[in-house]
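>>> Give me coordinates for this.
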Amino acid sequence: MKPLSNKRRNFSMFGLLFVFFIATPFLLAYSTGYRFSFEQLSFFKTGGIFIHSDLAGTRVFIDGEFVESNGAILRNTLIQNLDSERVYRVRVEKDEYLPWYKDLYVYPNLVTEGKIMMLPIEIPFEQITETLTPQSTSTKPTKTPLPNPEHVAAADLFATTTDSQGILSGIAPSFSELLPTTTAAVVLPDYLLDLGVVDIQDKEQLQEQWRMVAWLEGGDVHVMWSGSNDSTPFFFCDIRGCRDRVIVSLDTDIEHFTFYPGRNDVFVVETQNHIFAVEADDRSKPNIQTIYEGTAPTFRFSGSTIYVQDGKALYKAEI
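Model prediction:
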């Protein structure tokens, strides 16, 4: 094989250099979120949306158009190459679950995050009977009903009293050990002092979960982040900066609340006739999903089991 002539070598070298200098701006622009419009013969900025999901088999829609379904392992969804500087309507669905909606603004060269909150359409509550009836046999007649130990244990959850300042014993375990039992001063964690909390009893139903601090004030749940600025949850922030507080508010007063099991961005709240799950993300209308509807229900948690007392009746369900 003969070596290339100098003329062909020079032609190949200059050709490759030409391709390099033409392609490089396109590659750099693409890597930083720009796309090229052949119709307008110009670059335009794009962004993306990342949906965190704890459910498998969900279907994601953007502005009413199906995007993709997630899998059993890779449950999160990344939507790229979206035109920036506009709001997108995100809808996530799953059979037998309530849908999740969120209007998300997409910024140039950035990925906007959202995290779904989806409950089953029907939560199978089971009534806890006060007594158990022993099974009769052919030789032994049915005996007198016995107290149901599960009913006794559930009733004990609701026997906890609220002190004069509204801190619920057993509902805010991270702070219950700080309640004063003597005249000795209570030493508050530094992150509470940084949030301006001087006395733990100044905040009604004060609770904390994974550095998210929340309390009841004026019928609303006030939420503040006590962790590092670098790890501030996405729904506190936008391109202009981060807020120091999010307020979870309903059309009626919230009487009692706690963190949803395994989440620090979702709350279970109690109103006069309902128990709801409500997300703290208020960048658009927060998702509110009904857990229980009754006459005057109140609730307690034990792990992921919710116990509801409605009048004299006790119920339980896994959520």
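
>>> what's downstream of the lowest-mean-pLDDT helix or strand in the chain, the next helix or strand?
With mean pLDDT, DSSP states H and E as the measure, the helix or strand of the chain carrying the lowest mean pLDDT is strand 34-37 (a mean of 48). Downstream of strand 34-37, the first helix or strand assigned by DSSP states H and E is strand 42-52.

>>> If you count contacts, what does that following strand end up packed against?
Here strand 42-52 touches strand 34-37, strand 77-83, strand 86-93, strand 100-106, strand 111-115, going by 3 or more C-beta pairs under 8 Å, 6 or more residues apart in numbering; DSSP states H and E. Yep, even glycine has a C-beta here, placed from its N, CA and C like the rest.

>>> Strand partners (parallel or antiparallel) of whichever helix or strand comes after it?
Of the helices and strands lying after strand 42-52 in sequence (DSSP H and E), the nearest is strand 59-62. As defined by DSSP bridges, the strand partners of strand 59-62 come to strand 65-69 (antiparallel), strand 86-93 (antiparallel).

>>> quick revisit: mean pLDDT lowest where, among the helices and strands packed on strand 42-52?
Per-stretch mean pLDDT for those is lowest at strand 34-37 (a mean of 48).

>>> Name the nearest residue to residue 237, sequence neighbours excluded.
Leaving aside its sequence neighbours, residue 237 sits nearest to residue 243 (C-beta to C-beta, 6 or more residues apart in numbering; 7.4 Å).

>>> pLDDT wise, what is that neighbour at?
With respect to pLDDT, residue 243 scores 93.

>>> can you list the domain ranges for the chain.
What the record gives for the chain is the domain set 42-115, 126-318, from automatic domain parsing.

>>> Export those to a markdown table and append columns for mean neighbour count.
Conversion of the domains of the chain to a markdown table gives the following (neighbours: other C-beta atoms under 10 Å):
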| stretch | mean neighbour count |
| --- | --- |
| domain 42-115 | 16 |
| domain 126-318 | 15 |
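
>>> Lowest average pLDDT across those domains?
Minimum mean pLDDT among these: domain 126-318, a mean of 84.

>>> what's the first-to-last distance across that domain?
Using C-alpha to C-alpha, to the nearest Å, the end-to-end distance of domain 126-318 comes to 10 Å.

>>> The most centrally placed residue in the chain: what's it in contact with?
In the chain, the C-alpha nearest the mean C-alpha coordinate belongs to residue 265, at 4.0 Å (C-alpha atoms, centre = their mean). Taking C-beta atoms under 8 Å, 6 or more residues apart in numbering as the contact definition, residue 265 lies against 115, 212, 233, 235, 279-281.

>>> Just put those residues in TSV and tack on distance to residue 68.
Below are the contacts of residue 265 laid out as TSV (distance: C-beta to C-beta, whole Å):
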residue	distance to residue 68
115	17
212	30
233	25
235	23
279	23
280	26
281	22
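
>>> so where do the helices sit in the chain?
With helices called from DSSP state H, the chain shows them at 6-31, 149-157, 173-176, 190-194.

>>> which residues sit against the last one?
With contact meaning C-beta under 8 Å, 6+ apart, helix 190-194 is reached by 200, 208, 211, 213, 226-227.

>>> what distance separates stretch 48-56 from the centre of its chain?
When distances are taken as C-alpha atoms, centre = their mean, to the nearest Å, stretch 48-56 is centred 11 Å away from the chain's centroid.

>>> C-alpha coordinates for it, CSV please?
Output in CSV follows, covering the C-alpha atoms of stretch 48-56 (Å, rounded to 0.1, in the frame of the first residue of the first chain):
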residue,chain,number,x,y,z
GLY,A,48,-35.6,18.7,32.0
ILE,A,49,-37.9,17.3,34.6
PHE,A,50,-36.9,14.5,37.0
ILE,A,51,-39.7,12.6,38.8
HIS,A,52,-38.8,10.7,42.0
SER,A,53,-41.1,7.7,42.5
ASP,A,54,-41.5,5.1,45.2
LEU,A,55,-43.9,3.1,43.2
ALA,A,56,-43.3,0.7,40.3
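
>>> I am finished for the moment; much appreciated.
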